Every structure is written in C-alpha cells, then in structure tokens.
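Engineer: one predicted model, sequence on top.
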Amino acid sequence: MWFVGWSWQAGEVTSSSDPTKRPPSVDRLARSLADTGLPHPLLVDAARSAIEAGDPEQAAAIAASMERAMLQRVINATGTLLHTNLGRAPYGVSQEAGFRNLELDLATGKRGSRQSQAPMLLARACGAEAAIVVNNCAAAVMLILAALVRGRGVAVSRGELVEIGGGFRVPEVMEQSGARLVEVGTTNRTRRQDYERHIADPVADIALAMQIHQSNYRITGFTEMPTTAELADLGVPLVSDIGSGLLDAACPWLPSGPPSWLEGEPAAKQTLEAGASLVAFSGDKLLGGPQAGIIAGDRELVEQCARHPLARALRPGGLVLGALQDLALAYLRRDGQAIPFWRMASRSTDELRARAEQWNVGTVVETMAVPGGGTLPTVEIPSIGIAVPGDHAAALRSASVAIMARVENDTTICDLRTIDPADDDAVAAALRAVDT
C-alpha cells in the first residue's frame with residue numbers, strides 16, 4: 001500500500017539485488033518510469049520506496065499501485081444501487097471552464113446568494129417555501145440544531161437515536177451542535193404523549209421535536225411510532241430528517257409511477273404536507289445527485305439556518321450546486337430518464353434479461369439487487385445477473401476499468417441492474433477472460 005505522504009510499505013520483499021552492489025540513483029530509476037504518466041515527484045517516491053525495500057525492480061509495481069489507488073471510474077456490478085464505497089448515486093458533474101454567477105444577481109449586478117439558484121428549484125420540486133444546500137445530510141442536521149436549538153432541548157424518540165455508517169451517531173451530532181438531547185418514549189414504542197409531556201415541562205425547555213430516519217436498521221414486532229401528522233401541532237417546530245432524499249412519493253418523473261419497493265419510504269413533499277416545519281435529506285441517495293444535504297420547508301426557519309455562521313463553513317461549491325440545479329430541472333420536467341439513478345432503478349427484469357442473453361458468457365440468473373446507502377435496509381429489487389463459477393473478484397478489479405462484482409457460494413455474479421448498458425461489452429469481455 002501507499003499512504004498519505006506517498007510512503008510505500010512493501011511488506012515481505014525478497015531482494016533480487018546483489019547486496020554488494022551500490023543501489024541505483026533514485027532520480028535515474030524514477031526517470032526510467034516516465035512512461036507510466038505519473039508526475040515525476042511521485043515516481044521519485046516510488047523509486048525511493050523500492051530502493052529502501054532492497055529491490056529496485058519493484059519500482060514499476062509500486063508506481064502502478066499508486067496510480068491504481070487514485071480516484072477513478074469503476075463499473076458497479078454488485079447490484080447495490082447506492083453503493084457508499086462507490087460514491088452512491090452515479091451522477092455526472094462536468095462544466096466547461098469559465099466564471100459563473102454563483103453569488104451575483106444578473107438582474108441588478110449586485111452580490112447575490114449561492115442559495116438562490118439550485119436550492120430554490122429543489123424547494124419548488126418538493127413543495128417547500130424555501131431551501132438551502134450544505135455539504136451532506138449530517139451537516140444539514142448539525143446546522144438546523146445549531147441555528148434553532150443551541151442551548152435548549154430537542155425531543156427525539158429513543159428508537160431513532162441511531163448510528164449510521166462512518167460512526168455518525170445522532171446523540172454526538174446533537175452534542176456538537178450545542179443542542180441538548182431529550183430522549184422520549186422507549187426504544188420500540190413512542191407515542192405523541194411522550195413528546196407532549198416533555199414539551200410541557202419548563203425544565204426540559206424543548207425548542208423543537210425531531211424525527212430521524214432509521215437509516216440502515218429497522219425495529220420490528222411490538223412497536224409504535226407517531227406519524228409526522230400526529231406530531232405537527234405540538235407547539236414547537238417539527239424537523240424530519242428523512243435521510244434518503246426521496247423527493248415525492250408519487251414519483252411523477254416515472255411514467256409507471258412509484259416502484260413497489262419504495263412503499264413506506266418517507267418523501268420530502270409528503271412530509272412537509274403532513275405538517276413538518278423542515279425536512280433534511282441527502283443529495284446522493286434517492287434524490288440521485290451529488291453528495292449534498294438539503295434543508296427545505298418553512299421560509300423563516302430556513303432563513304435562520306442560512307444566517308447562522310456555520311452555514312458558510314458547510315456550504316457547497318459551484319460544481320455541486322450546478323449539478324443540483326440540473327438535477328432539480330430534470331425533476332421539474334418530470335424527466336426520470338435524465339437522472340441516471342432512476343434509469344437504473346426503473347429498468348424491467350425483461351430488459352435486463354434481454355441484455356444478459358447477449359453476453360454469451362456464464363449463466364443468466366435471477367438475482368436481488370438492493371437500494372444500499374443506508375436506504376430501505378430490508379428491501380430487495382428483482383434483477384438479473386450473469387454467474388460464473390469461482391471467485392474472480394480480484395481479477396475483475398484488475399480490469400482496465402475496475403469491475404466490482406459480488407461473490408456468493410464461490411460463484412461470481414455481475415448484476416446488470418447496476419451496470420450501465422454502455423459497459424456491457426467491457427464486463428462481458430472481462431468475464432470471458434476469467435471464465436476459462
């Protein structure tokens with residue numbers, strides 16, 4: 001592996017060099033690797049690491065490993081639609097070099113706000129009065145609490161005090177924001193009365209109530225949880241962290257309407273209609289865009305968040321806002337085919353099977369894809385894959401464009417639901433190479 005600082009740890013290296021010979025010049029060895037295309041300073045690091053390991057001939061392999069470890073395009077054949085390790089939603093971000101009216105009002109020529117373009121369109125798309133964008137949903141929750149609650153209490157059901165990927169724990173985020181967590185109800189059963197009792201207690205000093213998406217787990221059995229509508233008139237603002245970023249439960253951007261696997265998933269539009277003051281959700285999950293966190297809802301509360309000093313620290317850049325603007329326009333046009341995630345998610349199994357039968361390799365099998373990304377943890381989506389005997393995951397990752405497959409029972413499966421049709425030939429060729 002190579003690490004921060006470009007140091008190389010070669011592990012167990014058997015030196016083929018004669019210890020009596022003087023090691024080669026670092027610079028000369030680095031220059032011999034020029035055809036790799038890596039910048040010379042990195043080749044120097046590779047050469048130095050190989051020489052220090054006692055085997056200068058390893059320099060080329062080290063340089064290749066450096067290049068392989070950099071960010072690059074991969075093909076997702078895992079069947080996990082929102083694969084966190086692969087960047088979640090496959091949304092392209094590109095624009096020609098040039099200036100943008102990021103914080104300029106073209107009508108007046110005066111300074112404008114970066115929150116007046118894409119956020120305005122997202123608000124329109126989910127029926128909110130206003131919206132702002134920050135760099136992820138955790139930041140959105142942090143900003144809401146810092147701006148609206150700091151020093152006071154926020155009522156949250158014990159059943160929603162979750163930890164999600166990367167060690168993100170709701171209680172710890174609340175603590176960092178300066179809010180004081182007030183736990184209500186029990187892990188499996190919480191009722192409206194539990195919130196009412198704490199809100200009526202002046203010692204608790206509740207500033208708002210919060211619903212939190214349970215992300216990648218579910219409590220089943222003897223359970224109870226109040227709906228958004230049941231909590232909407234508690235006398236304090238209600239904030240719903242819906243997490244996954246479904247914009248509208250009706251999915252008007254899909255000609256066939258919402259797929260059955262979305263049943264029960266909270267959506268921004270309906271949560272606001274049910275009485276939530278604010279919703280917070282991710283940009284790179286079911287919304288299908290780049291990493292971002294969106295806060296939408298009551299104009300006055302959104303503006304309070306926008307005025308808080310943290311808003312500047314958490315704001316996204318022009319590339320993200322430009323991508324979200326294009327995404328919001330696609331939603332407003334009801335053009336699901338313009339959104340890669342929804343193209344992928346809405347393909348029929350008949351279409352996937354017809355593609356698979358053209359590959360002429362392995363065995364066409366029925367599979368189950370999953371939403372992924374902490375979204376709908378118990379849900380499976382019917383799909384079609386190609387199976388070849390043996391574990392070929394490492395070989396597929398070594399392809400010219402790395403292919404991420406899954407292995408089950410010593411069988412490698414490439415799930416076509418998450419493979420772009422433009423990559424079919426490349427994946428099929430890679431499978432033929434290993435299926436010998």
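Structural biologist: Nice, I can see it.
Engineer: tell me which stretches of the stretch 201-350 of the chain form strands.
Structural biologist: For the stretch 201-350 of the chain, the strands defined by DSSP state E, counting those that start in this stretch cover 206-212, 238-243, 278-282, 293-297.
Engineer: I'd like those strands as CSV, with mean pLDDT appended.
Structural biologist: Below are the strands of the stretch 201-350 of the chain laid out as CSV (pLDDT from 0 to 100):
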stretch, mean pLDDT
strand 206-212, 92
strand 238-243, 92
strand 278-282, 96
strand 293-297, 97
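Engineer: just send those back as JSON lines, with distance to Glu96 and mean neighbour count too.
Structural biologist: Every residue, glycine included, has its C-beta placed from N, CA and C. Output for the strands of the stretch 201-350 of the chain, formatted as JSON lines (distance: least, C-beta to C-beta, whole Å; neighbours: other C-beta atoms under 10 Å):
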{"stretch": "strand 206-212", "distance to Glu96": "40", "mean neighbour count": "23"}
{"stretch": "strand 238-243", "distance to Glu96": "34", "mean neighbour count": "26"}
{"stretch": "strand 278-282", "distance to Glu96": "28", "mean neighbour count": "28"}
{"stretch": "strand 293-297", "distance to Glu96": "26", "mean neighbour count": "29"}
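Engineer: sec struct for the nearest residue to Gly178 once chain neighbours are set aside, please.
Structural biologist: Leaving aside its sequence neighbours, Gly178 sits nearest to Arg150 (C-beta to C-beta, 6 or more residues apart in numbering; 3.9 Å). Three-state call for Arg150 (DSSP: H, G, I helix; E, B strand; the rest coil): coil.
Engineer: quick one: the strands in the stretch 1-150 of the chain, in order.
Structural biologist: 75-76, 130-134.
Engineer: how is the chain divided into domains?
Structural biologist: 31-68, 75-90+343-434, 114-338 (automatic domain parsing).
Engineer: in the shortest one, which residues are buried?
Structural biologist: For domain 31-68, burial by neighbour count (16 or more other C-beta atoms under 10 Å) applies to 32-33, 36, 38, 42-51, 53, 55-56, 58-60, 62-63, 66.
Engineer: contacts only, for the residue nearest to Gly178.
Structural biologist: Arg150 makes contacts with 177-179, as judged by C-beta atoms under 8 Å, 6 or more residues apart in numbering.
Engineer: buried among the residues you listed? Need that as a selection in PyMOL.
Structural biologist: Of the contacts of Arg150, the buried ones can be selected in PyMOL as follows, counting by 16+ other C-beta under 10 Å:
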select buried, resi 177+179
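Engineer: what number of residues lie near Arg158?
Structural biologist: A total of 14 residues lie near Arg158 under the criterion other C-beta atoms under 10 Å.
Engineer: show me what contacts it?
Structural biologist: The contact partners of Arg158, by C-beta under 8 Å, 6+ apart, come to 183-187, 190.
Engineer: least confident of these?
Structural biologist: Within these, pLDDT reaches its minimum at Thr187, with 77.
Engineer: helix, strand, or coil at it?
Structural biologist: At Thr187, secondary structure determined by three-state DSSP is coil.
Engineer: wait, it touches Gly159, no?
Structural biologist: Yes: between Thr187 and Gly159 there is a contact under C-beta atoms under 8 Å: 5.1 Å.
Engineer: more neighbours: which of these two?
Structural biologist: The neighbour comparison of Thr187 against Gly159 (other C-beta under 10 Å) goes to Gly159, with 20 against 13.
Engineer: done for today, thanks.
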